[in-house]
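Chemist: Build me a model:
(one chain, ligands or ions: 1)
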Amino acid sequence: MGDEVLANLKHESQVFPPDEEFAAQANATAALYDEAEADRDGFWAAQAERLHWETKWSRVLDWSDAPFAKWFVGGRLNVAYNCVDRHVEDGHGDQVAIHWVGEPGDTRDITYAELKDDVSRAANALASLGLSAGDRVAVQLPMIPEAIVSMLACARLGLVHSVVFGGFSPAALRSRVEDAAARVVITSDGQYRRGKAAPMKANVDEALAGAETVEHVVVVRRAGIETPWTEGRDLWWHELVDAQSAEHTPEAFDSEHPLFILYTSGTTGRPKGILHTSGGYLTQVAYTHDVVFDHKPGQDVYWCTADIGWVTGHSYIVYGPLANRATQVVYEGTPNTPDEGRHWEIVQSKKVSIYYTAPTLIRTFMKWGDQIPASYDLSSLRVLGSVGEPINPEAWLWYRENIGAGRLPVVDTWWQTETGGIMISPLPGVTAAKPGSAQRALPGIGAKVVDQTGAEVPHGSGGYLVLDKPWPGMLRGIWGDEERYRDTYWSRFGDLGFYFAGDGAKYDDDGDVWLLGRVDDVMNVSGHRISTTEVESALVSHPTVAEAAVVGASDPTTGQGIVAFVILRGGVAEGEARGEEAIGALRDHVAKEIGPIAKPRQIMVVPELPKTRSGKIMRRLLRDVAENREVGDVTTLADSSVMDLISSGLKGGG
Ligand code: 6R9
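Modeler: Numbers count the residues shown, from 1 in each chain. Reported below is the predicted structural model:
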């Protein structure tokens, strides 16, 4: 296992205790952990009271048919009513729900009262197409208000939405539409990306050629570009929706009524349609959005930079924040349009107080330079969040220092499409934060690090992350594939009943959890388990390195050898750093930071790293390069030309 090695790996020794003033006003308290431990069902019942239930549940959890859970059994609610109408009824109709910022500079402020009207009209429109509860609707839209309105309109009618990221190919959309047998697709004529209007509807048409289940395509006019049209099937949003009544009475659905399907890529084969349901999911996202971000309705301005095509957008743009009556920023475009200060300009002008983003973007900001955020007024910020991959201590510290004025709480939130909501995270105002660690399962959540046999590993050791107790936001299955659900998540540890997350993790000496990346990203060098993430962290902590990706390449003597791909920081002359000497210095630096065992066999300087559209580095492709193989399937890359750039750069530059 190499546990000794892990135990010896360098820990970031800095700890940041919570600010007293912050702690005094924090939503979370240390007592929550004990309360949840003493009576888990009672704890979750109390969290469910955050919502409006048309009929109250009779039982908190039914786990008798594990791994198929039922939460808040017998309860009935309408998810959209909880996210919109009740805030209007409570007298907050004039509060802004969404400060929308379009990429070209157009803006829209939408109050809760307006959102209620918009969602009601859209629900009436979908109902007029003959859709009824349980039917599936695919949504492929850019980050425009209609995306959120569409999701809520589905929820209001009990329709199951399947949002497909706007950057996905026609083939990817088609397989998702077919798998879910969607009856309607909602899309737009085009989308703005880096200052240009790119077609979207044309791709949808390509995807739908011969797709038999789709009766209608509803098209939002966003880019004003010429759009191919299929008479009878295609309908303009503004013609269909705007004409509808703004009155719509929401119907209550069973707590376990399906809310959405969201496809996520597995390690192999076709994407899995992760199924989420209503009452438990909404309870968990509302609870976590409240305690993890310390959200104060009516006071905070919240901004999650994810796209609604990913689970983070579902749970922390749409359902959690709206259930909690947030005022939030929704931004349509890329972070460097028109320039690299775009996010900070938005924080400054909208007075954003809670900012939630991904490590890959934080490292990009680092690469762009400290002077960019420094030239904006970021004093409205009070909580910073991170999600999507392990955040290296260097990026964490940069984030706190440069965005958080050296004092704001940073919450590193671990969770997955499958978990529905945040599972492991510090609590601001409660937790003494450690840069790079997600630290501890939230109150009500059970997580453990175990070895191959399922036995919990001692402090200072690593293994697999498992979730050992059911949780309200958990996936209820894989759409149409019960067996795959059992096999993928529940079979690894036999009868122990653990959910296998697919992530490696370790406990530090205090028992705090450090995520080490996907299990398939954990390298095995001479029988020692070394995380790609820790080597990446070490590399990024060197002043010449902006971003690094590390893979384990097969090696005849050691099993795997460590191969690193690095992007250099702006100021460093390429020729200079490419030299033998500079690469030697980086290898020594890693040896110094982690130990000689972690010294990369090879370091390659590259201009870009291959990333998926959600910003995850595709190490599989880098392994192909490291092992001198032909590069594999690049279709899920955000930019498929990146691999050519890397390969040609290596040939050219040696
Ligand atoms: C929310 C989301 C899930 C995978 C997960 C893990 C990685 C996400 C993380 C993190 C370390 C964090 N991940 N957050 N790893 N620290 N704070 O990203 O969902 O797209 O399904 O990805 O992302 O590997 O297993 P999803």
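Chemist: which stretches of the chain have low pLDDT?
Modeler: 1-13, 265-270, 520-522, 524, 526-529, 571-578, 649-654 (pLDDT under 70).
Chemist: what's the longest helix in it?
Modeler: Of all the segments assigned as helix in the chain under DSSP state H, the longest by residue count is helix 112-128.
Chemist: Dump the next helix or strand after it to CSV, restricted to CA.
Modeler: For helix 112-128, the succeeding helix or strand toward the C-terminus, using DSSP states H and E, is strand 136-139. The C-alpha coordinates for strand 136-139 follow below in CSV (Å, rounded to 0.1, in the frame of the first residue of the first chain):
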residue,chain,number,x,y,z
ARG,A,136,-38.2,13.8,-20.1
VAL,A,137,-37.1,17.1,-21.5
ALA,A,138,-33.6,17.7,-22.8
VAL,A,139,-32.1,21.1,-22.3
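Chemist: thought residue 149 was touching residue 119?
Modeler: Yes - shown here, residue 149 and residue 119 form a contact pair, counting by Cβ atoms under 8 Å, at 5.6 Å. C-beta: built from backbone N, CA, C; applies to glycine.
Chemist: what's the longest helix of the chain in contact with?
Modeler: The list of residues contacting helix 112-128 from outside it, by Cβ atoms under 8 Å, 6 or more residues apart in numbering, reads 80, 84-85, 87-88, 92-98, 110, 137, 145-146, 149-150, 152-154, 156-157, 159, 184, 218, 240-242, 244-248, 325.
Chemist: Could you tell me which of those residues count as buried?
Modeler: Of the members of the contacts of helix 112-128, the ones counted as buried by neighbours, 16 or more other Cβ atoms under 10 Å, are 80, 84-85, 87-88, 92-93, 95-98, 110, 137, 145-146, 149-150, 152-154, 156-157, 159, 184, 218, 240-241, 244, 248, 325.
Chemist: Nearest spatial neighbour of residue 322, chain-adjacent residues omitted?
Modeler: For residue 322, the nearest residue in space outside its immediate sequence neighbours is residue 83; the separation is 3.7 Å by Cβ to Cβ, 6 or more residues apart in numbering.
Chemist: can you tell me which residues contact the one you found?
Modeler: Contacts of residue 83 were listed using Cβ under 8 Å, 6+ apart, and they are 152, 155, 318-319, 322-323.
Chemist: which SS state does it fall under?
Modeler: Three-state call for residue 83 (DSSP: H, G, I helix; E, B strand; the rest coil): helix.
Chemist: I'd like to know how many residues surround residue 481.
Modeler: In terms of burial, residue 481 registers 16 neighbours under the definition other Cβ atoms under 10 Å.
Chemist: which residues does it contact?
Modeler: Residue 481 makes contact with 272-273, according to Cβ under 8 Å, 6+ apart.
Chemist: same thing with the one 3 residues further on?
Modeler: Residues in contact with residue 484, defined by Cβ under 8 Å, 6+ apart, are 272, 478.
Chemist: that's a helix at it, yeah?
Modeler: Yes - inclusion of residue 484 in a helix is indicated when three-state DSSP is applied.
Chemist: hey, where'd the strands end up in the stretch 51-200 of the chain?
Modeler: Residue ranges of the strands in the stretch 51-200 of the chain, as given by DSSP state E, counting those that start in this stretch, are 59-62, 70-73, 76-77, 96-101, 107-111, 136-139, 160-163, 184-188, 190-193, 196-199.
Chemist: So which of those strands is nearest residue 298?
Modeler: Taking Cβ to Cβ as the measure, those were each checked against residue 298, and strand 96-101 came out nearest at 10.1 Å.
Chemist: May I see the buried residues of stretch 443-462?
Modeler: Going by neighbour count (16+ other Cβ under 10 Å), the buried part of stretch 443-462 is 443-450, 454, 457, 460-462.
Chemist: Identify, from these, the entry nearest to residue 486.
Modeler: Using Cβ to Cβ, residue 454 is the member of those that lies nearest residue 486, at 16.4 Å.
Chemist: sec struct for that closest one, please.
Modeler: If you use three-state DSSP, then residue 454 falls in the coil class.
Chemist: State the distance from the residue lying closest to it once chain neighbours are set aside to the ligand.
Modeler: Once flanking residues are discounted, residue 454 sits nearest to residue 493: 4.1 Å by Cβ to Cβ, 6+ apart. With distances defined as Cβ to the nearest ligand atom, to the nearest Å, the gap from residue 493 to the ligand amounts to 17 Å.
Chemist: Quick check: phi and psi on whichever residue of the stretch 551-654 of the chain sits closest to the ligand?
Modeler: Closest approach of the stretch 551-654 of the chain to the ligand (Cβ to the nearest ligand atom) occurs at residue 614, with a separation of 5.6 Å. Taking degrees, to the nearest 10, you get phi -100, psi 10 for the backbone angles of residue 614.
Chemist: Quick check: residues of the stretch 151-300 of the chain near the ligand?
Modeler: If contact is defined as Cβ under 6 Å from any ligand atom, the residues of the stretch 151-300 of the chain in contact with the ligand are residue 264.
Chemist: cool, and the stretch 501-650 of the chain?
Modeler: Taking Cβ under 6 Å from any ligand atom, the part of the stretch 501-650 of the chain that reaches the ligand is made up of 501-503, 515, 518, 614.
Chemist: Mark which of those are part of strands, please.
Modeler: When these are checked against strands (DSSP state E), the matches are 501-503, 515, 518.
Chemist: which one of the residues you listed is nearest the ligand?
Modeler: The closest of those to the ligand turns out to be residue 515 (Cβ to the nearest ligand atom; 3.5 Å).
Chemist: That closest one bridge partners, please.
Modeler: Taking DSSP bridges, one finds residue 505 as the beta-bridge partners of residue 515.
Chemist: That one contacts residue 464, doesn't it?
Modeler: No - contact status for residue 515 versus residue 464: not in contact, 11.3 Å apart, counting by Cβ under 8 Å.
Chemist: Mutual contacts of these two, please.
Modeler: Any residue near both residue 515 and residue 464 by Cβ under 8 Å, 6+ apart counts here, and that gives 503-505.
Chemist: need those residues in CSV with neighbour count, can you?
Modeler: As requested, these are arranged in CSV below (neighbours: other Cβ atoms under 10 Å):
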residue, neighbour count
503, 21
504, 25
505, 28
